[in-house]
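1. How does the following fold in three dimensions:
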Amino acid sequence: MAPVTNTKVIFKAIPKDWPVIGEHIVYDTSSSIDPEEHPLDGGILIKTLLLSPDPSVRGRMRDPSVKSYAPAFTLGEPIESRGVSVVLRSETEHFKEGDYVVGMIPWASYNVFPSHAKLIAINNENRLPWSYYIGLLGMPGQTAYYGLNKIVNIKEGEKLFVSAASGAVGSVVVQLAKLRGAQVIASAGSDEKIAFLKEIGVDRAVNYKTEDLDQALKEFGELDAYWDGVGGPTLDIALANMKDFGVVAICGLISSYNDGENQYGVKNISAILTKRLRVQGFIVGDLVEAEGGTHAFQEEVGPLVVEGKIKFKEHYTKGIENAGEALLGVLKGDNFGKSVIIVADK
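-> The predicted structure follows:
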């Protein structure tokens, strides 16, 4: 087989605020690969099918001297995120040709991984969409499940506020909380997203762009818990409406990821003391590790997905050449549901 272009999306420069396509994120077609002859050295060759432009990608576009829970991207190398690929060739017993695998995938059309790669072969016996394994059944769904169980510990009758509630994580939080008998008020930024929130059963849906969020929360009643995916002024408003000894679970701060040195300063921080709140940021990987894996998630959420009891929106971008635009869309909130980059069919 003749060599084919191995298209890549390269991390070219560190942005101070909003990433710019062509400056910080570069589409590169200078590499080629022969899928039949490229040496594997005991590893596997995979073809990228789907990529997940998660908000956390922005956090890794930084100077490596700035420490965080995930390492900074290497300048001149492909961006990476969770993705689904198919194994084209294998020289290891751990994977076979035709396996669909999920894991951290460099943004390239083809990748070679060593035999000990941290990839998981997908057992899709229920013929679910492959995209679910980077969404509803992947990191976003697991974040909702473990955060709700281990951080919030929501109970029947309690009042929960969920921001970014139409998104990949928030929409699952809403539905799992409703299944546990919670009262849920949720916010989103368009009438279309508000309609979806009503469809999945929220008790009060608030368009924060056209309604007074603070007034809506006051009318709903003091909150037992707040699920924060945005930070900024929304966090301030939530803190002012919390019940004494309430819980604030922070899984994202997307409103400030591109603010550079102009980070929003929380003004109601005194409420943490006066209301004796428990505010906890978390990364789902820590919770999964503490649990010894995702078995509980698979046993509880898996059947709900198969039975269609959890509704899930996806937002598709076709072509790896549009991956940068897909990431910017997520950071701006232009996507409706889980953003998925479709790189190739099988």
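2. List of residues touching the longest helix anywhere in the chain?
-> When the chain is parsed with DSSP state H, its longest helix is helix 295-306. For helix 295-306, the surrounding residues in contact (CB atoms under 8 Å, 6 or more residues apart in numbering) are 126, 128, 132, 136-137, 141-142, 145-146, 149, 176, 179, 310, 312. Placement of C-beta: from N, CA and C, glycine included.
3. Using CSV, lay out those together with neighbour count and distance to residue 12.
-> Formatted as CSV, the contacts of helix 295-306 follow (neighbours: other CB atoms under 10 Å; distance: CB to CB, whole Å):
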residue, neighbour count, distance to residue 12
126, 10, 41
128, 15, 36
132, 20, 32
136, 27, 32
137, 24, 33
141, 30, 32
142, 22, 31
145, 23, 36
146, 22, 35
149, 17, 40
176, 21, 39
179, 13, 44
310, 20, 38
312, 21, 33
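4. Now intersect those residues with the helices, please.
-> Those of the contacts of helix 295-306 lying in helices (DSSP H): 141, 142, 145, 146, 176, 179.
5. Go through those and name the one nearest residue 266.
-> The nearest member of these to residue 266, counting by CB to CB, is residue 146 at 25.0 Å.
6. For residue 172, see how far away that closest one is.
-> Distance check for residue 146 against residue 172: by CB to CB, to the nearest Å, it reads 11 Å.
7. Which of the three states applies to residue 13?
-> Classification of residue 13 using DSSP: H, G, I helix; E, B strand; the rest coil returns coil.
8. how many other residues sit next to the closest residue to it other than its chain neighbours?
-> Using CB to CB, 6 or more residues apart in numbering and skipping residues adjacent in sequence, the residue nearest residue 13 is residue 24, 4.9 Å away. Other residues near residue 24 come to 18 when the count uses other CB atoms under 10 Å.
9. so who does residue 24 touch?
-> Counted by CB under 8 Å, 6+ apart, residue 24 has contacts 11, 12, 13, 14, 15, 61.
10. all helices for the stretch 51-200 of the chain, in order.
-> Assigned by DSSP state H, counting those that start in this stretch, the helices in the stretch 51-200 of the chain fall at 56-59, 139-146, 170-179, 191-199.
11. Please put the alpha-carbon coordinates of the third one into PDB.
-> Included here for helix 170-179 are C-alpha records, laid out as PDB according to Å, rounded to 0.1, in the frame of the first residue of the first chain:
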ATOM      1  CA  GLY A 170     -24.300  18.600  33.300                       C
ATOM      2  CA  SER A 171     -27.100  16.800  31.500                       C
ATOM      3  CA  VAL A 172     -26.100  13.500  33.100                       C
ATOM      4  CA  VAL A 173     -25.800  15.100  36.500                       C
ATOM      5  CA  VAL A 174     -29.400  16.400  36.100                       C
ATOM      6  CA  GLN A 175     -30.800  13.000  35.100                       C
ATOM      7  CA  LEU A 176     -29.000  11.000  37.800                       C
ATOM      8  CA  ALA A 177     -30.100  13.500  40.400                       C
ATOM      9  CA  LYS A 178     -33.700  13.300  39.300                       C
ATOM     10  CA  LEU A 179     -33.500   9.500  39.500                       C
END
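12. buried sites along it?
-> Going by neighbour count (16 or more other CB atoms under 10 Å), the buried part of helix 170-179 is 170, 171, 172, 173, 174, 175, 176, 177, 178.
13. quick one, that helix and helix 295-306 angle?
-> With axes from the mean of the first three to the mean of the last three CA atoms, to 10 degrees defining the directions, helix 170-179 sits at 90 degrees from helix 295-306.
14. Residues in contact with helix 170-179: which ones?
-> With CB under 8 Å, 6+ apart as the test, helix 170-179 has contacts from 136, 140-141, 144-145, 147-148, 154, 160, 162-165, 184, 186, 196-197, 200-202, 227, 229, 301, 304, 309-313, 337.
15. So among those residues, which ones count as buried?
-> 136, 140-141, 144-145, 147-148, 154, 160, 162-165, 184, 186, 196-197, 200, 202, 227, 229, 301, 304, 310, 312-313, 337.
16. What is the nearest of the buried residues of helix 170-179 to residue 324?
-> Checking the buried residues of helix 170-179 against residue 324 with CB to CB, the nearest one is residue 170 at 24.1 Å.
17. and the contacts of helix 295-306 as JSON lines, adding pLDDT?
-> Putting the contacts of helix 295-306 into JSON lines (pLDDT from 0 to 100) gives the following:
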{"residue": "126", "pLDDT": "93"}
{"residue": "128", "pLDDT": "96"}
{"residue": "132", "pLDDT": "98"}
{"residue": "136", "pLDDT": "97"}
{"residue": "137", "pLDDT": "97"}
{"residue": "141", "pLDDT": "97"}
{"residue": "142", "pLDDT": "97"}
{"residue": "145", "pLDDT": "98"}
{"residue": "146", "pLDDT": "97"}
{"residue": "149", "pLDDT": "96"}
{"residue": "176", "pLDDT": "98"}
{"residue": "179", "pLDDT": "97"}
{"residue": "310", "pLDDT": "97"}
{"residue": "312", "pLDDT": "96"}
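18. Quick check: the farthest pair among those residues?
-> Distance extremes for these: the farthest pair is 126 and 149 at 23.2 Å, using CB to CB.
19. how about the contacts of helix 295-306 in TSV, adding distance to residue 112?
-> Shown next, in TSV, are those (distance: CB to CB, whole Å):
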residue	distance to residue 112
126	30
128	28
132	26
136	29
137	26
141	29
142	28
145	33
146	32
149	38
176	38
179	42
310	36
312	32
